[in-house]
Each structure stands twice: as C-alpha cells, then as structure tokens.
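> sequence and computational prediction follow.
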Amino acid sequence: MSKKQWPLLSDLPPDTATPVDYAYDQLARADLPELIDGMRQWFPDLAVGAGRYYSDVSFYEQRVYLKGELERDIVVYVGRYKGRIMAAICIEKNDDNLTLLGRYGVCAPEHRRTGASLFAGYIMDALADYLGSAMAYSFVTLKSKGMQAMLERDGFRAVGILPFSDREMIEGSVKHISEIIYAKHYIERTELLPVHYENMTVSVRRLWDELFGKIQDASSR
C-alpha cells in the first residue's frame, strides 16, 4: 500500500476555531530546545514511562517528521503565543490501517481554557479528512479530567479503560497509572464489518452493549 504524505498546514482548510492570538506550525529542528524545556516544566511527572520520550531530543530527531526534513509517520505541531511555544500536539499516522494516534497534547498552564487547545480538534479532523483516515484514537490519563473533557468536546468517545497502562512520577515515587482509550470514527458504520453476538463471550457482549448499544441484526433476536 502506498504511503500518503503529511499535508502542509497550508494544504488544509483554514483553522477558524483557534483564537487568532495563537499561531500553530509544524515542529522544526530549531524549536527542539524550547519545546523540550517546556515539556519538562509543564509535565515533570513524565520523567518515566512512555512519556519520558517526549522530553528527549533523540525521540524527535529519530522518529518525528521535522519541518523541511525527512518525512516520518509522526508529526508535531507547536502553538506559539507572542512568539513563544506554549502548546504542542503529537500525531502518528498508520497507512496500513488508516488510523491516526494522538500521542500527546500539551499546553502551558497559563494558556489553558483560553481556546488555544481548540487547534487539536481542528487538526485531527482536517488530517483525517486529507489522509482518508477511518479512525483516530488516544490514551488519556485518569489522574485528571482536563484532557478527557477536551477530547469529548472534540467528538471523541471513551471506548475502554486500561489499568497499569503506563508509569509516571507521582509525588516523588514511580507509580502505575490507568488510562482511558478515546476514539473517533470518520467512516460510516455501514463500511465496518458487522459484529455478531455469537463471536463474543458474555463479558464482551455486556461491554459492547454498554459502549455501543445492542446489535440490531438477526443474531440479536
């Protein structure tokens, strides 16, 4: 299957959601020191576990598509306020299964609840449309409600919970955390392989009914 290239922001429909005070652009190599410094200040808990990579310059140099450089499957967009980086969103595309993974979204505390994070919803939808993605998903901590509320505002739905899914530094100690899986579908349900109850255990059937409602086909009668 041929890979579809990331678009430039200028290739996408205009962002009319994010306040004009905030300007977003693709992460460039010159931005790395400022972004990493911000990540360490905003989220000191991410010194261990999967999150530690996001404060490590080698992650960006080896795995991220930096502006004007070799294209890779992970891209980061940084948001600026008066020229200073105050937010970022990291997204990975999978050309084989046509999905997008929101790896992280961060915002400096003083810029939360300003509308700066509205870019996240805009860019995920715009990329999904451009790339023909069927679904986008993300893992969100149960430590706080902020990111949950943001994703739900953007049309994402909680579809599962994973205890022990990551580790973070909590009050000086390394602890396992639980995360919620959020997903948003971009292709109509009629294009999805039908799901039948006979393919489910009792516990999976209960979970399906709770999350998505009862299946309306011959197998449910």
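Arrived safely, thanks for sending.
> buried residues, stretch 166-174. List them.
Buried residues in stretch 166-174, counting neighbours by 16 or more other CB atoms under 10 Å, are found at 166-169. Every residue, glycine included, has its C-beta placed from N, CA and C.
> any idea how far apart the tips of it sit?
Stretch 166-174 has an end-to-end distance of 10 Å (criterion: CA to CA, to the nearest Å).
> repeat that for stretch 86-106.
Using CA to CA, one end of stretch 86-106 lies 8 Å from the other.
> also stretch 69-82?
Terminal residues of stretch 69-82 lie 26 Å apart, using CA to CA.
> please apply the same query to stretch 81-100.
As for stretch 81-100, its first-to-last residue distance stands at 27 Å under the measure CA to CA.
> please apply the same query to stretch 24-44.
24 Å.
> the residue nearest the centre of the chain - nearest residue in space that isn't next to it in sequence?
Centroid check for the chain by CA atoms, centre = their mean gives residue 102 as the closest residue, at 1.7 Å. Of all residues not flanking residue 102 in the chain, residue 138 sits nearest, at 3.6 Å (CB to CB, 6 or more residues apart in numbering).
> what lines up beside the strand or helix carrying the one you found in the sheet?
Of the helices and strands defined by DSSP states H and E, residue 138 is found in strand 135-141. The partner list of strand 135-141 in its sheet, established with DSSP bridges, is strand 99-107 (parallel), strand 173-185 (antiparallel).
> need the buried residues of stretch 166-174 in JSON lines (columns: distance to residue 62, secondary structure and pLDDT).
Listed next are the buried residues of stretch 166-174 as JSON lines, based on distance: CB to CB, whole Å; DSSP: H, G, I helix; E, B strand; the rest coil; pLDDT from 0 to 100:
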{"residue": "166", "distance to residue 62": "21", "secondary structure": "strand", "pLDDT": "93"}
{"residue": "167", "distance to residue 62": "22", "secondary structure": "strand", "pLDDT": "93"}
{"residue": "168", "distance to residue 62": "23", "secondary structure": "strand", "pLDDT": "90"}
{"residue": "169", "distance to residue 62": "24", "secondary structure": "strand", "pLDDT": "88"}
